[in-house]
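Visitor: when you get a sec, could you give me coordinates for this:
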Amino acid sequence: MDTLGAGGSMWEVFIGAAVALVSGFGGAWLQAQSSKQLLATQLADAENAREEAYAREDHTRFAEQKRAAYASLMSNWSNLDYRRAEADEAVAAAAELPEPDPLDGGALSQARDLHAEAARLSEEVHRMLEAVIAAMETVLLLAPSEVRDALPESSAPEAARSAFLKAARLDLGIPD
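Guide: Below you'll find the predicted structure:
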């Protein structure tokens with residue numbers, strides 16, 4: 001009573017159909033896993049690219065402001081050094097000036113002018129020192145830790161500022 005005819009059995013058909021179904025579902029499951037893995041890889045690659053872009057953007061975000069702050073600080077330091085030297089000379093000259101004769105109007109006028117010039121230059125040094133401090137505050141706000149750590153005190157001599165200049169140039173991507 002073979003219902004399938006010449007040598008076939010119903011079980012063979014069922015087994016064949018079951019194998020086909022399991023193979024189809026298994027293939028679909030494997031394809032889904034492969035697609036899932038591909039999507040995870042693409043997501044990780046996109047996230048890495050986004051993080052790299054953010055890092056580049058963070059590094060260059062304030063580049064112009066940092067460049068201006070570094071230049072302002074260096075310029076103000078140089079001006080401060082120059083004015084400080086002028087003020088020191090004027091104060092020393094005023095201190096060395098002998099007490100003028102109260103009856104000598106020309107000597108009194110010269111002494112008064114010299115003391116006024118020393119006072120004016122001292123006040124200018126004070127304003128320049130305030131400009132240096134303001135520029136330092138801007139640098140402290142914008143600069144990375146390597147530049148902040150290389151920042152000398154506001155009264156540091158020019159030679160002590162070379163570490164700061166080197167760190168600032170490195171931060172801006174300017175070769176030595």
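
Visitor: okay, and the helix or strand of this protein with the least pLDDT?
Guide: helix 10-61 (a mean of 84; mean pLDDT, DSSP states H and E).

Visitor: show me which residues of the following helix or strand past that one are buried.
Guide: The helix or strand immediately downstream of helix 10-61 is helix 63-96, counting by DSSP states H and E. Buried positions in helix 63-96, judged by neighbour count with 16 or more other CB atoms under 10 Å: 66, 69-70, 72-74, 76-77, 79-81, 83-84, 86-87, 90-91, 94. The C-beta positions use only the backbone N, C-alpha and C, and glycine is treated the same way.

Visitor: ok, now how distant is residue 40 from residue 34?
Guide: Distance, residue 40 to residue 34, by CB to CB, to the nearest Å: 11 Å.

Visitor: okay, now the unreliable bits of this structure?
Guide: 1-8, 59, 154-156, 159 (pLDDT under 70).

Visitor: how about a cut-off of 50?
Guide: 1 (pLDDT under 50).

Visitor: buried sites along stretch 122-134?
Guide: Buried residues in stretch 122-134, counted by 16+ other CB under 10 Å: 122, 124-125, 128-129, 131-132.

Visitor: nearest to residue 16 among the residues you listed?
Guide: residue 132 (89.6 Å; CB to CB).

Visitor: now that closest one, nearest residue through space, not along the chain?
Guide: Computed as CB to CB, 6 or more residues apart in numbering, the closest residue to residue 132 that is not its neighbour in sequence is residue 76, at 4.6 Å.

Visitor: what's the spacing between the one you found and residue 171?
Guide: For residue 76, the distance to residue 171 - CB to CB - is 19 Å.

Visitor: residues near residue 119, how many?
Guide: Using other CB atoms under 10 Å, residue 119 has 14 neighbouring residues.

Visitor: got phi/psi on it?
Guide: Torsion angles at residue 119 (phi, psi; degrees, to the nearest 10) stand at phi -70, psi -40.

Visitor: which residues does residue 152 contact?
Guide: 160-161, 163-164 (CB atoms under 8 Å, 6 or more residues apart in numbering).

Visitor: pull out the buried members of the residues you listed.
Guide: Applying 16+ other CB under 10 Å to the contacts of residue 152 flags 161, 164 as buried.
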